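*Asks:* have a look at this fold, sequence not included:
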């Protein structure tokens, strides 16, 4: 995967926010906070995963197959077709995939947690 480590770390924090701090009603996009986090994650993915490698690997597709499907269907439809019952299920898979990739690049669990805590603390203050 050719995504920069810092971009993966950013995706990790945003995916963590999408899963943990937003209520279930916000996950569905019912509130502005949930919609904001979903849009932020989507923007980060579009910018740093331009070729679709990360999203395609989560769905079990090649990047070319994902791009061709995105021309005719929305990403939510593609998620449903590939067995993801909700956005939260996809975010959980994304979180796991990003953590695995960071571990492959030499990050241990302690470093991942410290990075998340530092970013979350910065976001609160």
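*Replies:* Happy to help now that I have it. As the structure is a computational prediction, the values presented were derived from the model and not from experiment. Numbering: from 1, shown residues only.

*Asks:* now the helix or strand containing residue 110, how far from the chain's geometric center?
*Replies:* Using DSSP states H and E, the element containing residue 110 is helix 109-124. Taking CA atoms, centre = their mean, to the nearest Å, one finds the center of helix 109-124 at 16 Å from the center of the full chain.

*Asks:* tell me what that helix is packed against?
*Replies:* If contacts are counted by 3 or more CB pairs under 8 Å, 6 or more residues apart in numbering; DSSP states H and E, helix 109-124 sits against helix 5-20, helix 87-104. Placement of C-beta: from N, CA and C, glycine included.

*Asks:* average pLDDT for it?
*Replies:* On average, the pLDDT along helix 109-124 is 84.

*Asks:* that older thread, now the helices and strands packed on helix 109-124 as a markdown table including mean pLDDT, mean neighbour count and distance to residue 67?
*Replies:* Output for these, formatted as a markdown table (pLDDT from 0 to 100; neighbours: other CB atoms under 10 Å; distance: least, CB to CB, whole Å):
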| stretch | mean pLDDT | mean neighbour count | distance to residue 67 |
| --- | --- | --- | --- |
| helix 5-20 | 83 | 19 | 19 |
| helix 87-104 | 91 | 17 | 18 |
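
*Asks:* out of the ones you listed, flag the one nearest residue 50.
*Replies:* Of all the helices and strands packed on helix 109-124, helix 5-20 sits nearest to residue 50, with 10.6 Å by CB to CB.

*Asks:* would you mind getting the angle between that closest one and helix 109-124?
*Replies:* Computed by axes from the mean of the first three to the mean of the last three CA atoms, to 10 degrees, the angle separating helix 5-20 from helix 109-124 equals 70 degrees.

*Asks:* pLDDT score for residue 54?
*Replies:* On the pLDDT scale, residue 54 is placed at 88.

*Asks:* quick revisit: residue 114: which of the helices and strands packed on helix 109-124 is closest?
*Replies:* Smallest distance to residue 114 across these (CB to CB): 11.0 Å, for helix 5-20.

*Asks:* okay then, goodbye and thanks.
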